[in-house]
Structure formats: C-alpha cells, structure tokens
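Colleague: sequence plus the predicted model coming up.
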Amino acid sequence: MNTRQLAKIAKRIGFWALIVLIMVYAVFPFYYAVVTSLKPSSDLFRVELWPSNWNFDNYISIFSQTSFLRAIFNSIVVAFSVVFIALLLGITASYALGRVRFRGRSTVLLVILGVSMFPQVAVLSGLFEVIRALNLYNNPAGLILSYTIFTLPFTVWVLTTFMKQLPMELEEAAIMDGATPWITITKVFLPLMWPAMATTGLLAFIAAWNEFLFALTFTLTDDQRTVPVAIALLSGGSAYELPWGPIMAASVVVTVPLVVLVIIFQRRIVSGLTAGAVKG
Amino acid sequence: MSTSIKHDDAPAGVRSFTTKPRRGTKVRRQRVKAAWLFLAPMLIVLTLVAGWPLVRTFFLSFTDASLSDLGAANLIGFENYLVYDNGRWYGVLADSVWWQSVWNTVYFSVVSVSLEVVFGVIVALILNAEFKGRVIVRAAVLIPWAIPTIVSAQMWAWMLNDQFGIINHLLMNVGIIDAPIAWTANAAYSMWAVIMVDVWKTIPFVALLVLAALQMLPKDCYEAAEVDGIHPVRVFFKVTLPLITPALMVAVIFRLLDALRVFDVIYVLTSNSTSTMSMSVYARQQLVEFQDVGYGSAASTLLFLIIALATVAYLYVGRKQIQLGGD
C-alpha cells in the first residue's frame, strides 16, 4: 500500500469521524434527556449513558398533574389556531402582493419585513395594554392574537414568493372565464399552493409551539399556560431541588411531536426556511 | 381604496407586469380593489399587534405608568431615559446594569453568531458531500433547531449541572478539570454556557441556508479546479466562499437580529443574573417584575432603536441581496 492510498483511507476515516461527531453533537442532548426521564429518582444523580434501572415514574408524575395536561391542551389549541389564522390571512395577502401590481405594494412588503425584525420586547408593554383592553389577559386567545406578530410576516413573505412563481396563464384563463379574484384564489391557486402552505404552516406551528416570552408575560395562572412556560416554571425552591426527572420527561413529551414532524417533513422545512431567506 | 385606483391610472402603475392581464381597465380596477380588500385583514391584525403597541410602548416610555394601573400615567418627559436630580444622574441611560446588559447582548451576539457561521459552514460542506445516509444526518442536524428553546435550555442546564451534570463528569474523567464547574451559576462561565446552548440550537439554521447556496453553485469551476490540481482548501477560500457570501450574509443578518433580542435561553439558564442579562431580559424585568412600565418601555424603545438601526444599515448595504418580493 503506498502513501497515496493511505492518505485516501485516512481522509475517508476523518470524514466519517466528522459525521459521527456531528450526529452525536446534534442528538446527544436529546438522547440524554430521554435517558434521564426514564430513570427512577434514586438513580437520577448517577451519571450513566444507559439507565441501569428504568421506569416510567417521571411520565406518570407529569401526566397526573392536571396543570401539565392543561398546558398541553392550551399549546395545541394555540398552535393550531395560529397556523389557521396565519394561513388564512397569509394566502389572501400573498395573492394581492404576488399577483397584482398596485401602488404601495413595495411599501407593504417593506412594512412586513420590518415587522418580522421587531424585537418582541419592544411591543411588550403596548401589547399588554391591547390584550387587557380586549379582555384577553390570562387567556390563550390573547396568545393566539399576539403570535401573529411573528408568524404572519413570515407566512406572507414566503407565500408571496411561491405565489409569484405560479404561471400567469392560469389566472388569465380564470379572468377570461369571468372569475372574481376570490374565486381565482380558492379555485385556481389554493389547490396549487398546498405544498407551500404545508411548509409555512409547519414553520408557524413550530414557532407558536415554542414561543416563550409572550406566553410567560400574558398568562398568570397554571391552567392558562402553554407548555414552554409550564416546563420553565416546573421548579422547586432552589437550584438543588429542581425536579430534573419530571422536567426531562416533560421536555421529551413536548419535543417528540416536533422531532417526528422534522423527520417526516425535513425536505419541506428546509425549502421553507431557505425560501424565506435566500429567495426572499 | 379610491386613491389606490386613481394612483393606478398613473403612468407608473401601468408598467408591464407579467401577471397583469392586458385588458380593459375594469378588470384592472377590480383587481386592485380586490388586492386592497385581501390585504386589509392582514394589515388590520398587524396594526393591532405590532403598529399600535409599538406606538404605545414609545408613548409609555415618556410616562410613569405602572403595570397595576396603566391608565393613570403622567407624562414625565425624558426622566425614564436620563434625568439629573440632586447631583446624580438617573434613568436607563445612567443605569450601569443597562449598559452591562447592552454589553452582554453585543458580546453574546457577536461570539455566538461567529461560532454558528464557522460551524454552520463546516456542517453544510459535509452535508453537501455525497455519502450514504446523508438524509439521516440532515434530519439529525435539524433536531436541535426544532426543539423549543426552553427545552434545550433545560436539557443543557441538566447536562451542565455542577454536581450531577454529565459535562463536568466527562471533563473530570478526562482530567481537563479537577473540580466541578458551576457553569450556570458562576459569572465567569455562565455567558459561555448560554453561548454553548445557543450555538448548539442554531447551527442547523445557518447550515441549511449555506447548504442551499452550496447546492446552487455551478459544478464546472470545481471540475476545472480539480483538473488543475488545486488544493481543496484553496478552492474553498478562492471559489466557494466568495460564491456563498451573499447567502452567508443573509444568514448572519437573520441570526444577528435574532441574537440581539435574545430572551428565552438566558432567562431559563441563568434567570435574572446580571452577568448574562440581555437587553430583553432587562426590559422585561423592569416591566413585569418591577411593574415599572414607563422605565421598562424606555429600555424596550432603546432596544428597538438599536435593532432598527442595525436593520436599516443592513438594508442600505445589502440592497442587492434582498430585493423586495424577489422581482
């Protein structure tokens, strides 16, 4: 074996070592959370990569808390409503922005881009006032409303990009047949937009599911909270008394649906993320 | 709505547009009218949740409003920002904790975004190579991105736990450290703990953007480079890097704007400790915990101005990269 071959083998080994390193780095924290969540509390403070004894006590403990179940329910309601609203308003707005040329179009696009760069804290006190005025404080409906601030600009932006790529002949034919813009959207574009809507809907769902600052600020009682807040507040008196087992179990419970979504729809997510940034 | 129709009859509005049906103005008018009608719900919602609250935050920053009684606010001018009283300066701009949090935020943003870009490019280059199981590796890389920030902060808090955490355990077994490190509690390490978690979580985002750019690169210059026997590292710096720079810039700006408003990671990992406090954490603490809406709004307004300035600077410099709507 000459040095050239050796170098080639070394390169291949190095390449695969790097891949393994990346995989371990990406997945290990989640794996370790799963391992921790399966440990009985007596074993919790023994560091091991594979639980020597394991049971589902931590899961039983979190699922027997009504406040946690309530939080899961709230999160599901909030995330689905946010997706629905963002898509409904996004598809109509993106038709206007993507298919019709009118004065003020660039300004609207610029405003949308600007809103997507808002720091959430900048609107916190003003939004607090609005939510109180609408009587939505400590109510998941207030969260649904406030989450449109970050889901809507993104949805409109990406859907507009997709809407522009549709062939104009379709629309011309619809107009020739005397279809109104609303009919054009629902009957002509909507069927073609499903892939784009699935992508943006997925991203909006993840964003709403993960949001923390508004959820922490605009809710007060345990039964109105969403899961991220519930997990963040699952704590004992001091840093040493944190119930790590149940925290990890709850973390795994809220993360598993997302991990499954990511694995199933990774292609869509990748195209949505890059459409928002690269093409936009 | 009527003004928009009038505008549209102006020469500028009649420029050829690919999707515009070149027919009578009746259809055009109907379309423009419909366009505004379709935009209206979105514009109303955005005004309600973004525009109006921003204006109110701005206004409240000049008042002494408190959270328990928002209605009873008096205008107090710039007192929340800076005021000289009895031989001392008061206000956000005179608060050393605020400046500490500005510094923390900038430090956090610069360090974590730099690390994310370097590692993101490396991961993207690996994912761009062809090998068996690439799809699995890509899915695995996406996982940190999908995990809620709160959850990743908790997972890392547990791994970084000073007494029972696996990271101290490993480092001690390998012999790098002699005694456990209180990663999140010790001011010397806590910022690094925060950066570690953020970098872990956002490498996927940068990597995916860079990967998308890599996949659009023309193959022929690589073939030419290979024929000429140029070292791959040289090819990367001379060919690949210049070509992916626009995509990299987009990733950097997205990440920077995100990092400047960081809240969740820091709040969960180190709560209100001043050694890691970011501008968002500072503003929220004033607003909610100290109930001082006026003062907190002043801090929020300053944060908004900083980010707006960064955005404007970027839009000005990078107009070529983000063309509105992509036409």
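Modeller: Looks like it arrived, so ask away.
Colleague: what's near enough to touch the nearest residue to residue B:68 once chain neighbours are set aside?
Modeller: Spatial nearest neighbour of residue B:68, chain neighbours left out: residue B:291 (6.1 Å); criterion: CB to CB, 6 or more residues apart in numbering or on different chains. Placement of C-beta: from N, CA and C, glycine included. Residue B:291 makes contact with B:66, B:67, B:68, according to CB atoms under 8 Å, 6 or more residues apart in numbering or on different chains.
Colleague: what do you get if the cut-off is 10 Å, keeping everything else the same?
Modeller: Residue B:291 makes contacts with B:65, B:66, B:67, B:68, B:69, as judged by CB atoms under 10 Å, 6 or more residues apart in numbering or on different chains.
Colleague: so which of those residues is the most crowded?
Modeller: residue B:65 (28 neighbours; other CB atoms under 10 Å in any protein chain shown).
Colleague: from chain A, how far out is the nearest residue to that residue once chain neighbours are set aside?
Modeller: Leaving out its chain neighbours, the residue that sits closest to residue B:65 by CB to CB, 6+ apart is residue B:73, at 3.6 Å. Look at residue B:73 and chain A: by CB to the nearest CB, to the nearest Å, they are 10 Å apart.
Colleague: without its sequence neighbours, what residue ends up closest to residue A:41?
Modeller: Closest to residue A:41 by CB to CB, 6+ apart is residue A:245, at 5.4 Å.
Colleague: that neighbour: helix or strand, and which one exactly?
Modeller: helix A:244-264 (DSSP states H and E).
Colleague: list just the nearest of the contacts of residue B:291 to residue B:115.
Modeller: residue B:67 (37.2 Å; CB to CB).
Colleague: that closest one contacts residue B:290, correct?
Modeller: Yes - in this structure, residue B:67 is within contact of residue B:290 by CB atoms under 10 Å, at 8.7 Å.
Colleague: count of neighbours near the residue nearest to residue A:41?
Modeller: 22.
Colleague: okay, residue A:28: pLDDT?
Modeller: pLDDT recorded at residue A:28 is 92.
Colleague: list the residues that contact it.
Modeller: Here residue A:28 is in contact with A:49, B:155, B:159, B:166, B:200 (CB under 10 Å, 6+ apart).
Colleague: same deal with residue B:161?
Modeller: Counting by CB under 10 Å, 6+ apart, residue B:161 has contacts A:45, A:47, A:239-240, A:242, A:244, B:167-169, B:180, B:182-184.
Colleague: for residue B:196, see how far away the residue nearest to residue A:41 is.
Modeller: 23 Å (CB to CB, to the nearest Å).
Colleague: with residue B:213 instead?
Modeller: Distance, residue B:213 to residue B:196, using CB to CB: 26 Å.
Colleague: and for residue A:78?
Modeller: For residue A:78, the distance to residue B:196 - CB to CB - is 30 Å.
Colleague: who's more crowded, residue B:213 and residue B:196?
Modeller: Neighbours per residue (other CB under 10 Å) separate residue B:213 from residue B:196, with residue B:213 holding more: 23 against 20.
Colleague: about what we covered before: so the residue nearest to residue A:41 makes contact with residue A:34?
Modeller: No - if you go by CB under 10 Å, residue A:245 and residue A:34 don't touch, sitting 11.9 Å apart.
Colleague: now a PyMOL select for only the buried ones of the contacts of residue B:161.
Modeller: The buried residues among those can be selected in PyMOL (16 or more other CB atoms under 10 Å in any protein chain shown) with this line:
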select buried, (chain A and resi 47+242+244) or (chain B and resi 167+168+169+180+182+183+184)
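Colleague: in helices only, show me the contacts of residue B:161.
Modeller: Members of the contacts of residue B:161 lying in helices (criterion: DSSP state H): A:244, B:167, B:168, B:169.
Colleague: would TSV of those residues with distance to residue A:85 and pLDDT be doable?
Modeller: Listed next are the ones in helices among the contacts of residue B:161 as TSV, based on distance: CB to CB, whole Å; pLDDT from 0 to 100:
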residue	distance to residue A:85	pLDDT
A:244	37	86
B:167	41	89
B:168	45	88
B:169	46	88
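Colleague: can you add distance to residue A:89 and give the residues you listed back as TSV?
Modeller: Formatted as TSV, the ones in helices among the contacts of residue B:161 follow (distance: CB to CB, whole Å):
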residue	distance to residue A:89
A:244	41
B:167	45
B:168	49
B:169	50
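Colleague: out of those, who's nearest residue B:310?
Modeller: Among the ones in helices among the contacts of residue B:161, and counting by CB to CB, the member closest to residue B:310 is residue B:167, at 33.4 Å.
Colleague: tell me the spacing between the closest one and chain A.
Modeller: Counting by CB to the nearest CB - residue B:167 and chain A are separated by 10 Å.
Colleague: where does residue 274 land in three-state SS?
Modeller: Picked chain A for this. When classified by DSSP: H, G, I helix; E, B strand; the rest coil, residue A:274 comes out as helix.
Colleague: right idea, wrong chain: chain B
Modeller: coil.
Colleague: can you read off the pLDDT for residue A:216?
Modeller: According to the model, residue A:216 scores 91 on pLDDT.
Colleague: what's the strand or helix carrying it packed up against?
Modeller: Per DSSP H and E, residue A:216 falls inside helix A:213-218. Packing contacts for helix A:213-218, counted by 3 or more CB pairs under 10 Å, 6 or more residues apart in numbering or on different chains; DSSP states H and E, involve helix A:66-99, helix A:124-133, helix A:140-165, helix A:227-232, helix B:264-270, helix B:279-284.
Colleague: what stretches of the stretch 201-327 of chain B score poorly on pLDDT?
Modeller: Residue ranges of the stretch 201-327 of chain B with pLDDT under 70: B:318-327.
Colleague: measure how buried residue A:102 is and give me the count.
Modeller: By other CB under 10 Å, 21 other residues sit near residue A:102.
Colleague: distance of the spatially closest residue to residue B:263 that is not a sequence neighbour from residue B:304?
Modeller: Spatial nearest neighbour of residue B:263, excluding adjacent residues (CB to CB, 6+ apart): residue B:280 at 4.1 Å. Relative to residue B:304, residue B:280 is positioned 11 Å away (CB to CB).
Colleague: pick out whichever of the two has more residues nearby.
Modeller: The neighbour count for residue B:280 versus residue B:304, taken as other CB under 10 Å, is higher for residue B:280 (26 against 23).
Colleague: doesn't residue B:105 make contact with that one?
Modeller: Yes - between residue B:280 and residue B:105 a contact is recorded at 7.9 Å, counting by CB under 10 Å.
Colleague: what do those two both touch?
Modeller: With CB under 10 Å, 6+ apart, residue B:280 and residue B:105 have common neighbours B:260, B:261, B:262, B:266, B:303.
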